[in-house]
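Novice: Only the shape, not the letters, is given here:
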């Protein structure tokens, strides 16, 4: 698979102008995600009320794949329940680790990151924000 499939327009757009980028005052949950191999270092912050994520944000330095994944994830996450996230995280991991896995309708545009599955070394970048949100929600 060519690199242009990996860095398609949606990934580039989310990297250039990431959604929900910055600190989140009043965050109730937070976790840092680091990838020493490529230098990614992000902080995800959430405001959770009961079982719902009311707000989500991320900050830090990261590659285009990690930034796009965090941007799409924080956008998708707002208003969702913790259990919806857990199910989506399982589905996203399947899409990332199994190139033959069909898209998950619940993920919407996040499915566009499926091209990353053809580049095993980059899968960890796409998963980093998801793992960070998972850790944040588990406290």
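Specialist: That came in fine, so what should we check first? Keep in mind that what you see is a predicted model, and the values were worked out from it rather than measured. Numbers count the residues shown, from 1 in each chain.
Novice: and the residue lying closest to residue 98 once chain neighbours are set aside, what does it touch?
Specialist: Excluding the flanking residues, the one nearest residue 98 by C-beta to C-beta, 6 or more residues apart in numbering is residue 117, at 7.0 Å. No exception for glycine: its C-beta is placed from N, CA and C like everyone else's. Remark: with contacts taken as C-beta atoms under 8 Å, 6 or more residues apart in numbering, residue 117 is in contact with 95, 96, 97, 98, 99, 101, 123.
Novice: when you check these against the helices, which ones overlap?
Specialist: Among the contacts of residue 117, the members falling in helices are 95, 96, 97, 123 (criterion: DSSP state H).
Novice: Please pick the buried ones from these.
Specialist: In those, burial by neighbour count holds for 95, 96, 123, counting by 16 or more other C-beta atoms under 10 Å.
Novice: before we move on, the earlier item: lowest-confidence member of the contacts of residue 117, which is it?
Specialist: Looking at the contacts of residue 117 by pLDDT, the weakest one is residue 99, with 78.
Novice: Surely it is in contact with residue 118?
Specialist: Yes - between residue 99 and residue 118 a contact is recorded at 5.9 Å, counting by C-beta atoms under 8 Å.
Novice: Next up, the contacts around residue 111.
Specialist: 95, 103, 104.
Novice: quick one, phi/psi of the last one?
Specialist: Yep, that's residue 104 we're talking about. Backbone torsions for residue 104, taken as degrees, to the nearest 10, come to phi -100, psi 110.
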